[in-house]
Every structure is written in structure tokens, then in C-alpha cells.
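A.B. asks: quick one, fold the following:
(one chain, ligands or ions: 1)
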Amino acid sequence: MLNEKMEKAFLEQINKELFSEYLYLSMKAYFADLNLQGFVNWMDVQVQEEHAHAMGMFDYVIERGGKIVLEAIDKPENNWKSPLEVFRAILKHEQFVTSSINSVADVAEETRDRAASIFLNWYIKEQVEEEANVGGILAQLELIGEDKNGLFALDKELATRTFVAPVIG
Ligand code: FEO
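C.D. replies: Now for the predicted structure:
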């Protein structure tokens, strides 16, 4: 059985993962508007990953006998100046999610919930990957600058990303 504090921390994190899904969906629409189909594909995979992150916790709360109560999801931003600005926003958002996951892990430690700590390790490792991936693309976009050919080459590269359903926990 989940203690109340742990349950609340999971529910808040589920909301943040669902907001991430929503934010990336909004970014997907931004890239669709620019007709950058590789970026659209990359965002689409990101959307599916965030959904999987939320559902992993959702299923875990139920498995542990907790009660799911869903809150409203905030309206995401829908306007950016450039792909570079989008990726700066993604990195900033992922850094926020990392610190948030770390706080959930702190609650697991404080409440001596070892099972939750082990479960959360997957998310902690995932965040390292998320930040590295996004940081890599951001670095490429900074190098590309105003070079349209560079942008189209990156778009081609991002078109190859595929979603692999994660095995969480
Ligand atoms: Fe669910 Fe992008 O972290």
C-alpha cells in the first residue's frame, strides 16, 4: 500500500508527464506548420514517450493499491520563434522534469518506500538520456544557425527516430 505522501507525489508527477505529452504535441503542431516532417516525427516519438512515462506511474499507483485522481492539465505554449528556441525550451523543460523526479525519489527515501525507490530508478536513468538527446540536437541547431541546408539535413536525420515502447520499472 502506498502511503499518502508517496501517492500524492506520484499523482503530481503523472500530471507533469501528461503536461509534457501535451507540450510536445503543441511543438509537433509548430513543426507541422513549418513543414519540417523530420522534426514532426521526432516530436511524435517524444509525445508517445511522455505518454508511456505517465502510464508507467499510473499503473504503478494502481498496482500498489493507491487511488488515481487526475487533475487538469495546463495549457501548453504554442508559439516559438525558431526550431532553436523550441529545443532550448525542451531542454529547460526536461531539466525541470529531472528535478521533479528527483523530488519524488526524495519522498520515497524519506518514507522508506524501497519498492518505490527501485521503481523510480528507471525514471532517473531515463532523464539522463532525455537531457543528453535533447542537448545533442540543441548543439547541432546552434551550429546550424541560419543555414537552411543544415536544417534540412537535421530534419532528415530526425525523420529516422522510431518509438520503442519502454519497459518501465
Ligand atoms: Fe517524461 Fe521527458 O520526461
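A.B. asks: quick one, phi/psi of Trp80?
C.D. replies: For Trp80, the backbone dihedrals (degrees, to the nearest 10) come out as phi -130, psi 160.
A.B. asks: and for it, the neighbour number?
C.D. replies: By the measure other C-beta atoms under 10 Å, the count of residues near Trp80 is 17. Every C-beta, even on glycine, is put in place using the N, C-alpha and C of the backbone.
A.B. asks: then Thr162?
C.D. replies: Neighbour tally, Thr162, other C-beta under 10 Å: 7.
A.B. asks: give me the residue from this protein nearest the ligand.
C.D. replies: Distance from the ligand to each residue of the chain (C-beta to the nearest ligand atom) is smallest for His53, at 3.7 Å.
A.B. asks: verify the contact between that residue and Glu126 for me.
C.D. replies: Yes - the pair formed by His53 and Glu126 meets the contact definition of C-beta atoms under 8 Å, at 7.3 Å.
A.B. asks: okay, and the common contacts of those two?
C.D. replies: Taking C-beta atoms under 8 Å, 6 or more residues apart in numbering as the contact rule, His53 and Glu126 both touch Pro166.
A.B. asks: show me what contacts the residue of the chain closest to the ligand?
C.D. replies: Contact criterion C-beta under 8 Å, 6+ apart gives 17, 20, 123, 126, 166, 168 as the residues in contact with His53.
A.B. asks: just Gly66 next, same as before
C.D. replies: Shown here is Gly66, whose contacts under the criterion C-beta under 8 Å, 6+ apart are 1-2, 7, 10.
A.B. asks: same deal with Ala29?
C.D. replies: With contacts taken as C-beta under 8 Å, 6+ apart, Ala29 has the following neighbours: Asn78.
A.B. asks: let's see it at 10 Å
C.D. replies: By C-beta atoms under 10 Å, 6 or more residues apart in numbering, the contact set of Ala29 is 40, 43, 76, 78.
A.B. asks: quick check: closest non-adjacent residue to the last one.
C.D. replies: Counting by C-beta to C-beta, 6 or more residues apart in numbering, the nearest residue to Asn78 once its immediate chain neighbours are dropped is Ser26, at 5.0 Å.
A.B. asks: so the one helix or strand that neighbour maps to, near the ligand or not?
C.D. replies: Ser26 is part of helix 4-33, with elements assigned from DSSP states H and E. Yes - legend: contact between helix 4-33 and the ligand by C-beta under 6 Å from any ligand atom is shown at 17, 20.
A.B. asks: for the closest residue in space to Gly65 that isn't next to it in sequence, give me its contacts.
C.D. replies: The shortest distance from Gly65 to any residue other than its chain neighbours is 4.6 Å, reached at Met1 (C-beta to C-beta, 6+ apart). Listed by C-beta under 10 Å, 6+ apart, the contact partners of Met1 are 7, 64-66.
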